[in-house]
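*Asks:* What would the 3D arrangement of this be:
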Amino acid sequence: MPVDYKPFDKAEWLRLEKKADELRRLTLKTANWGGSGHLGGAMSCMDAMTILYHRFMKLDPKDSKMPDRDRFVLSKGHAAVGYAPVLVDFGFMPEEELHIFNLTGAKIGMHLDANKVNGCEFSTGSLGHGISLAVGFALAGRVKGIDYMNYVITGDGELNEGSNWEAAMSAAQFKLSNIVVLVDNNKCMIDGRTVDEMSIEPVDKKFEAFGFNVCRVDGQNFKELNDAIEAAIKNHLDGGDKPTCIVMDTFKGAGVDFMEDNYLWHYGALDEEKLKDATASLEKYYQKRIERVEKEA
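*Replies:* Presented below is the predicted three-dimensional model:
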């Protein structure tokens, strides 16, 4: 079951903020090294990946296939330019692999290949399959008598895919309380704003109707993310019979002023000048977030 995590106090909050800042910076460098990447959606879900990997998930980079590890699926697999740095930073792969991100001969590509990338549970990129994978992982654990958490990050645009909702029905039908779906609700997709292209709201009410425990949080606030994930784990450990959905209200390109809330940064490239500007913006963003911790912790 989940790792024995520390109390969420000011020191823990600051630790997570520092790690998320490091990972956002590494994501920008990865896109620069590789020539491009799906930066907008990677930045919007970075806080969720940070708190899962660095607070809650039971993982061991020296034994990436241990049977009782927690499972994570990045269903919105195009955000791999952010997910790959998370895996590398955690110790699953050497940083040198990021220096040739998506280039000829690289193990780490635009969509991660689980056969080449250590720590990646499943190859994703074709949208709409992550929740189905989590259902399979959870049922396999039940059959084998092994208990672990199964986390999925999906996107609001991705939820246009009907396969998500078939999987949601299955998760509820089989009472898979160890499934936690985190919706990166950044309100943008490749062609525009989701409300204009294919609105998914009210996404929280939809998952509730499909039989999930649901909460809605600021996806760029570690305190709110922490409380929601803790509640999901507690629900499972206490014998709850519903999966959990955490709707995370986020901003595409969070932290970089010229990307933030701009659907045109679904995919893009960073030359040296843009990288310098983006890094400077992240510094201001980090300071703002530290100020919030000092005020609210």
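*Asks:* where's the residue nearest to the spatial centre of the chain relative to residue 86, distance?
*Replies:* Compute the mean C-alpha point of the chain, and by C-alpha atoms, centre = their mean the closest residue is residue 49, 4.2 Å away. Distance, residue 49 to residue 86, using C-beta to C-beta, to the nearest Å: 5 Å. Bear in mind the C-beta positions are built from the backbone N, C-alpha and C, glycine included.
*Asks:* what residues are shared contacts of these two?
*Replies:* residue 23 (C-beta atoms under 8 Å, 6 or more residues apart in numbering).
*Asks:* In terms of secondary structure, what does whichever strand or helix holds the residue nearest to the centre of the chain contact?
*Replies:* Assigned by DSSP states H and E, residue 49 belongs to helix 46-51. With contacts taken as 3 or more C-beta pairs under 8 Å, 6 or more residues apart in numbering; DSSP states H and E, helix 46-51 sits against helix 10-34, helix 80-90, helix 222-237.
*Asks:* Same list (those helices) but as TSV, adding mean pLDDT, mean neighbour count and distance to residue 256.
*Replies:* Below are the helices and strands packed on helix 46-51 laid out as TSV (pLDDT from 0 to 100; neighbours: other C-beta atoms under 10 Å; distance: least, C-beta to C-beta, whole Å):
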stretch	mean pLDDT	mean neighbour count	distance to residue 256
helix 10-34	98	20	8
helix 80-90	98	25	12
helix 222-237	98	19	19
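*Asks:* want to throw the ones you listed into a markdown table with distance to residue 252?
*Replies:* Formatted as a markdown table, these follow (distance: least, C-beta to C-beta, whole Å):
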| stretch | distance to residue 252 |
| --- | --- |
| helix 10-34 | 14 |
| helix 80-90 | 12 |
| helix 222-237 | 18 |
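*Asks:* Of the ones you listed, which is nearest residue 280?
*Replies:* helix 10-34 (10.9 Å; C-beta to C-beta).
*Asks:* Quick check: what element follows the closest one along the chain?
*Replies:* helix 39-44.
*Asks:* any residues touching that next one, and which ones?
*Replies:* Contacts of helix 39-44 (C-beta under 8 Å, 6+ apart): 24, 27-28, 31, 76, 78-83, 155, 184, 186, 188, 219, 250-256, 259, 262-263, 265-268, 270.
*Asks:* 6 Å - rerun?
*Replies:* Helix 39-44 is contacted by residues 27, 31, 76, 79, 81-82, 184, 186, 250, 252-255, 259, 265-266, 268 when judged by C-beta atoms under 6 Å, 6 or more residues apart in numbering.
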